[in-house]
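# model this:
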Amino acid sequence: MQLFYNPNISENDTSFSFEKDESRHIAKVLRKTIGDTLHITNGNGWLFTAEITLADQKHCTVSITSRSLQPKRHYDLHLAVAPTKMNDRYEWFLEKATEIGIETITPIICDHSERKVVKTERFEKIIQSAMKQSLQCHLPKLNAPIAFKDFISQEFSNQIFIAHCEETDKTSLKSQLLPETDCTILIGPEGDFSVKEIEMALQHQFIPVTLGDTRLRTETAAIAACHSVAFLNE
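Modelled structure (predicted):
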């Protein structure tokens, strides 16, 4: 099944018209024609089955034949991950985390961050593509970049963790995670969180955790954390 994404389609719609770029992709690139079936999601959990009624490169129209609501996971995972020096590594993390299962992603700017400016437009496209590829109907939320101290100063009602490499008292993430429980996990930059940042996080009740015995890259650590939560909740 090929999944299309369009945030403008509503569960109450009986028909829908695509804009020019997507119409061209459907009619010319994919060579879809009248009577063909499309599967569409709006990223809010809805999956629509639709039949093409007009296959025009400038104005492709479909009739909604059925709709269903994909259930949400029994937990909510929020990963706050420092941007990597190379954008392609962060994009890899976004793609794989979306495939595995995640609700919210926040780029956090840390003391040791080599990349301080983050443009999220391409990141959004990576997430959308990964959602479609993995046939999911809930689009993860990508927050605007935020400074570390501002992020941890927020109110949290879930389990909150900071994964770091300092030789201090830590416990394994898997030993602390609770099934079907929302959680937020902080993942630092290439140079790790600063000692000051770790102390600040502990003051805000973040639990210090380790993701294993080896030193992981930022994007690898983020995926390890994401998979640990998904595996626990299988």
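
# what count of nearby residues applies to Gln57?
Neighbourhood size, Gln57 [other Cβ atoms under 10 Å]: 14. Backbone N, C-alpha and C define where each C-beta goes, glycine included.

# now it: how far from Val209?
In this view, Gln57 and Val209 are 52 Å apart by Cβ to Cβ, to the nearest Å.

# per-domain residue ranges of this structure.
Domain ranges of the chain: 3-69, 77-232, per automatic domain parsing.

# measure the longest one end to end?
Distances were taken as Cα to Cα, to the nearest Å; on that basis the terminal residues of domain 77-232 are 12 Å apart.

# report the contact partners of Thr41.
3-6, 47-48, 70, 131-132, 136-137, 139 (Cβ atoms under 8 Å, 6 or more residues apart in numbering).

# let's go with 6 Å and repeat that
Residues counted as contacts of Thr41 (Cβ atoms under 6 Å, 6 or more residues apart in numbering) are 5, 47, 137.

# just these now: which is nearest Lys170?
Cys137 (36.6 Å; Cβ to Cβ).

# so that closest one sits against Gly43, correct?
No. Checked against Cβ atoms under 6 Å, the pair Cys137 and Gly43 is beyond contact range at 7.1 Å.

# quick one, which of those two is more surrounded?
Per other Cβ under 10 Å, whichever of Cys137 and Gly43 has more neighbours is Cys137, with 23 against 19.

# could you check how far the more buried one is from Lys20?
When Cys137 is compared with Lys20 (using Cβ to Cβ), they lie 25 Å apart.

# and if you look at Phe48?
With Cβ to Cβ as the criterion, Phe48 and Lys20 are 20 Å apart.

# residue contacts, the residue nearest to the spatial centre of the chain?
With distances taken as Cα atoms, centre = their mean, Pro140 lies nearest the centre of the chain, 4.0 Å away. By Cβ under 6 Å, 6+ apart, Pro140 lies in contact with 98, 102-103, 105, 127.

# return the subset of those residues lying in helices.
98, 127 (DSSP state H).

# can you redo the contacts of Pro140 as JSON lines with distance to Asp150, neighbour count and pLDDT?
Formatted as JSON lines, these follow (distance: Cβ to Cβ, whole Å; neighbours: other Cβ atoms under 10 Å; pLDDT from 0 to 100):
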{"residue": "Thr98", "distance to Asp150": "25", "neighbour count": "25", "pLDDT": "98"}
{"residue": "Ile102", "distance to Asp150": "21", "neighbour count": "26", "pLDDT": "98"}
{"residue": "Glu103", "distance to Asp150": "20", "neighbour count": "16", "pLDDT": "98"}
{"residue": "Ile105", "distance to Asp150": "16", "neighbour count": "24", "pLDDT": "98"}
{"residue": "Ile127", "distance to Asp150": "23", "neighbour count": "23", "pLDDT": "98"}
